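S.K.: Build me a model:
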Amino acid sequence: MTNYDKYIKLKGRLIKGDLYMKPQTKNKISFLLYSYFFLIALFYPMQYVSFDSAYYTEFTFAGLFAGLLILWTVFAYHRPVRLTDPSDRRFCCWILVLLVLYNLFSLYINFTHSRWLWEQFNFSLAVLFFIVLLIHGAAFFRQEPLAVSVLLVFQVVTTILGIIVYYLGYTSVSFINGMVIPVAKDPNYYETRFSWIYYHKSQYCFVLLLFIAFSVICRKQFKNKWFFPVSNLVFLFGIVISHTYTALFAAVLIYAGLALDALRSKLRTLNKKYFLLLIPPVILLAFVIWRMSRERNIWTLGSRTYIWAEGIRQILKNPLGIGTGFGPAKFSVPGISFQVYNCHNVFLNEMWRFSLPVGLLFTLIFVSILIYSLKKKFFFLHIGIWIAFLISLGMDYSLLGREFTLTFFYFYMIFFLPNTKEQISD
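M.R.: Residues are numbered from 1 along each chain as shown. Below you'll find the predicted structure:
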């Protein structure tokens, strides 16, 4: 065999992705990379920011490992397991088209108005990570279910650590610009809040909703029958000490979806006793609504309807976005007695910060994932999860650039992870 023949053979093997590695070796490397990603994202989410503000996330360690996982996954797993279905291919192409359009509009806005490229970079990285997982993720997670178990344990451990920190007298721990800074409780503040390793309590609660949704989806994987209920009680307690009743209401909807699926599976042999499954979530839902009504006007959703209406007016007034003016900028809201610094809605904030077309494309990517996930696996549980997520994303600025990669990773794990359909229907 000539050197040229050897080169052609080597090139063919590289294109196929063999890498001269055994599948076990590839999986071990992938397992280590995913484990480091989980550790960084859930325990040490260091980020570097501008203007000393979490609104202006630049480099993140979680983003670094997401980038490494993208490169490694594409390089090591050559067969797109999930894309044998034409609808999967069309969906990936559609998301990719939206991502390209998002970047084209973002580049124009950033170079002419906003002057802020990092949000575009972090969001694009997260969506690309999601696409790569859709194409190649099954090749790893089907062979290494231990990775799922590790994530399930890590999300419980980080929540317990947060609860301990709360009772030590801190409201959060900041990981910004290479510094780890515990933030003590303010005795003069009108309410006790807790945000753990996140900037705001709404962001912490959105992550807790991701934890709850993933644990419910993968509940059949718990070998210990007590781990699932105990872990969910831990997550719910985290929401309670954060003082976010909106997230508690959203969590109830996830459990209600699970109960409805269980009820639906019994319809052929329907018995009145099956309706007892709905009693716990209904009682909890009533309690949460009662608690919310004591502190806020639930008819205006805590004045959110006023804020959204004025936020839309501000967006139409500044269709190209306010860019780096976000943060110090504030606006008065008819109907309430104070000024606000953001639209209290993730999607409206993207439009106000980065322009109307960029924000619309940002929103369309979320909506596309929602619609396709329900089309692929239609369950009441999935509906409950999405409503819970949209409540959290729609009521507060609960998703910042640092959590983009973690959020889209969980979207894949919750809605597209192989074999979850069987787990839900059992």
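S.K.: Spell out the residue ranges of the strands in the protein.
M.R.: Secondary structure of the chain (DSSP state E): strands at 47-49, 57-60, 170-176, 179-184, 331-332, 339-340.
S.K.: Redo those strands as JSON lines? Include mean neighbour count.
M.R.: From N, CA and C alone the C-beta is placed, and that goes for glycine too. Listed next are the strands of the chain as JSON lines, based on neighbours: other CB atoms under 10 Å:
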{"stretch": "strand 47-49", "mean neighbour count": "20"}
{"stretch": "strand 57-60", "mean neighbour count": "20"}
{"stretch": "strand 170-176", "mean neighbour count": "19"}
{"stretch": "strand 179-184", "mean neighbour count": "11"}
{"stretch": "strand 331-332", "mean neighbour count": "13"}
{"stretch": "strand 339-340", "mean neighbour count": "14"}
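S.K.: With respect to Leu356, which of those lies nearest?
M.R.: In terms of CB to CB, the element of the strands of the chain nearest to Leu356 is strand 331-332, at 16.5 Å.
S.K.: So which residues make contact with that closest one?
M.R.: Outside of strand 331-332, the residues within contact range by CB atoms under 8 Å, 6 or more residues apart in numbering are Glu310, Gln314, Gln339, Val340.
S.K.: Give the partner strands of it in its sheet and their orientations.
M.R.: Within its sheet, strand 331-332 is paired with strand 339-340 (antiparallel), according to DSSP bridges.
S.K.: And the helices in the stretch 251-400 of the chain?
M.R.: For the stretch 251-400 of the chain, the helices defined by DSSP state H, counting those that start in this stretch cover 279-295, 304-317, 346-354, 356-376, 380-395.
S.K.: So which of the ones you listed has the densest surroundings on average?
M.R.: helix 346-354 (a mean of 24; mean count of other CB atoms under 10 Å).
S.K.: now it, how far from the centre of its chain.
M.R.: Chain-centre distance of helix 346-354: 17 Å, with CA atoms, centre = their mean, to the nearest Å.
S.K.: and it, what other elements does it pack with?
M.R.: Counting contacts by 3 or more CB pairs under 8 Å, 6 or more residues apart in numbering; DSSP states H and E, helix 346-354 packs against helix 118-141, helix 304-317, helix 356-376, helix 380-395.
S.K.: In PDB, could you pull the C-alpha coordinates for that helix?
M.R.: Taking Å, rounded to 0.1, in the frame of the first residue of the first chain, the C-alpha atoms of helix 346-354 are listed here in PDB:
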ATOM      1  CA  VAL A 346     -37.600  37.800  28.700                       C
ATOM      2  CA  PHE A 347     -38.900  38.200  25.100                       C
ATOM      3  CA  LEU A 348     -39.900  41.900  25.400                       C
ATOM      4  CA  ASN A 349     -36.600  42.600  27.000                       C
ATOM      5  CA  GLU A 350     -34.700  41.100  24.100                       C
ATOM      6  CA  MET A 351     -36.700  43.400  21.700                       C
ATOM      7  CA  TRP A 352     -36.200  46.500  23.900                       C
ATOM      8  CA  ARG A 353     -32.400  45.800  24.300                       C
ATOM      9  CA  PHE A 354     -31.400  44.500  20.900                       C
END
